[in-house]
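Asker: Quick one, what's the 3D model for this:
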Amino acid sequence: LHPHLTSDKSHNSKHRRSVPLGRSKMKIALTLATIMAAMAATNVEGFAPRSMAVTSARASVVPVTMSTTADESAATETEDAEIPTNLPSDCGMDYVPLATMLATGQLKEADQFTRDALIEISGAKAKGRDFVYFTDVKNIPNTDFATIERLWQKFSKGKFGYSVQKRKMRQSKDDFEVFCRKIGWTTQDGDVERKKRWFGASEFVYDVKKAKEGHLPLTSALRGTSLMVNLLKHPVWDNEDWKKEP
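Answerer: Okay, the predicted model is just below:
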């Protein structure tokens, strides 16, 4: 399987909270055009790719408009997205950018943010590595893993997330090949079945309606399946406490 659980070299750890967030939620109508304008106007870097860095709004409602277009000449479609801001972290991570990406359908960017966040919260980054090794998984705090999972679940209506992948792995009787087929990580080249490619033109599906259950987030198997197995055996999944909203 091709996707790496690695970080963009240009990323740093500025997506951290400077102030505690309350229990309030922001009602935001967000536009891709506005996000891009905000990025151009700010110097924010972090776990998301530099091209999709998103400034986090805190403790206020920001009236921004989101439009989705098929192309530049297409009519705009506006929708309201409710972005949660009470997103607990034991590591001081700011998950508002992840919530924003997921709420606005930027699934590819949210997928990258998730991989980069795991590098940070697992301690791999502090060790000078830009990838998570399977022995790092035990260091991921339950609090953070639960926050990440609730966001994926919320904005995919339960279709994406590690808990979904855990269920699919169980249904596959821990057979990784069957698992990959079940969640849409394989494709057919004529009579040959192979893993989908991530590099170059990605073959993965960043669309809630079109993708199979459990398709996202992506996890690397280039170093073997141990990382995937350990993520799905993390103690956060031992009970359903992770589902509880803060």
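
Asker: Share the number of residues neighbouring residue 223, please.
Answerer: A count of neighbours around residue 223, defined by other CB atoms under 10 Å, yields 13. (Glycine included, C-beta is placed from N, CA and C.)

Asker: can you tell me which residues contact it?
Answerer: By CB atoms under 8 Å, 6 or more residues apart in numbering, the contact list for residue 223 reads 131, 133.

Asker: any idea how far residue 230 is from it?
Answerer: Look at residue 223 and residue 230: by CB to CB, to the nearest Å, they are 12 Å apart.

Asker: try residue 198
Answerer: 21 Å.

Asker: ok, and the closest non-adjacent residue to residue 219?
Answerer: residue 228 (5.0 Å; CB to CB, 6 or more residues apart in numbering).

Asker: elements contacting the helix or strand the one you found falls within?
Answerer: With secondary structure defined by DSSP states H and E, residue 228 is part of helix 226-232. Under the contact definition 3 or more CB pairs under 8 Å, 6 or more residues apart in numbering; DSSP states H and E, helix 226-232 sits against helix 162-171.

Asker: quick one: average confidence on the helix it packs on?
Answerer: When pLDDT is averaged over helix 162-171, the result is 98.

Asker: cool, and stretch 106-122?
Answerer: 98.

Asker: One more: stretch 136-151?
Answerer: Computed over stretch 136-151, the average pLDDT equals 98.

Asker: go on, stretch 87-101?
Answerer: The model assigns stretch 87-101 a mean pLDDT of 98.

Asker: Now do the end-to-end distance for that stretch.
Answerer: Stretch 87-101 stretches 14 Å from its first residue to its last (CA to CA, to the nearest Å).
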